[in-house]
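S.K.: Pasted the sequence and its predicted model underneath.
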Amino acid sequence: MDIGLGIQSKRKVLIVDDSRALREGLALLLGSEYQIASASTAEEALERIESFDPDVMLLDLRLPGMDGEELLHRVASNRPTVRVVVITGTAGPDAGARLCRQGARDFLQKPFGLGLLRERLEEVLRD
């Protein structure tokens, strides 16, 4: 994204997961390439979406309170410019197609490699 002086600003990624270790680990691994914000609940994620305006949200399905699928539905309905990549270890084999029909741009089953995550982020950002 060009901000007017030929300077490229970093794309923004919001990491939404109840695991602090995963949020911090992904932030550390992706922080040199992207601006990072994180949230541990869906309600916190909705606040971050308003204040941070992410390009991509990495979303776990199992969250305390409102679950990730409800958050996906809200984001897809109200903020369709935020691309959602679901990252979960709890969904079944048919979950990817179902979640993409609900508005996710991609689906990664945990555990996944950093190379695959980077590849998928770049793919959804090209859309």
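M.R.: Cool, got the structure. Just so you know, these numbers come straight off a predicted model, no measurement behind them.

S.K.: ok, and what's touching the helix or strand of the chain with the lowest mean pLDDT?
M.R.: Counting by mean pLDDT, DSSP states H and E, the weakest-scoring helix or strand in the chain turns out to be helix 95-101, with a mean of 83. For helix 95-101, contacts defined as CB atoms under 8 Å, 6 or more residues apart in numbering pick out 69, 72, 86, 88, 91, 106, 107, 109. The way it works is simple: take the backbone N, C-alpha and C, and place the C-beta from them, glycine included.

S.K.: The next helix or strand after it: which residues count as buried?
M.R.: Sequence-wise, the next helix or strand downstream of helix 95-101 (DSSP states H and E) is strand 106-109. By neighbour count with 16 or more other CB atoms under 10 Å, strand 106-109 contains the buried residues 106, 107, 108.

S.K.: would TSV of the contacts of helix 95-101 with pLDDT and distance to residue 80 be doable?
M.R.: Shown next, in TSV, are the contacts of helix 95-101 (pLDDT from 0 to 100; distance: CB to CB, whole Å):
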residue	pLDDT	distance to residue 80
69	93	17
72	96	12
86	94	16
88	86	21
91	68	22
106	92	15
107	90	18
109	89	24
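
S.K.: Do you have the helices of this structure handy? List them.
M.R.: Along the chain, counting by DSSP state H, helices occupy 20-30, 42-52, 68-78, 95-101, 114-126.

S.K.: Now the weakest link among these, please, by mean pLDDT.
M.R.: For those, mean pLDDT drops lowest on helix 95-101, to a mean of 83.

S.K.: hmm, back to that, tell me which of the contacts of helix 95-101 is nearest to residue 51?
M.R.: Checking the contacts of helix 95-101 against residue 51 by CB to CB gives residue 72 as the nearest, at 19.5 Å.

S.K.: Quote the end-to-end distance of stretch 50-59.
M.R.: One end of stretch 50-59 to the other measures 16 Å (CA to CA, to the nearest Å).

S.K.: For that stretch, give me every contacting residue.
M.R.: 11-17, 26, 37, 45, 48-49, 68, 71-72, 75, 82-87, 104, 117, 121, 124-125.
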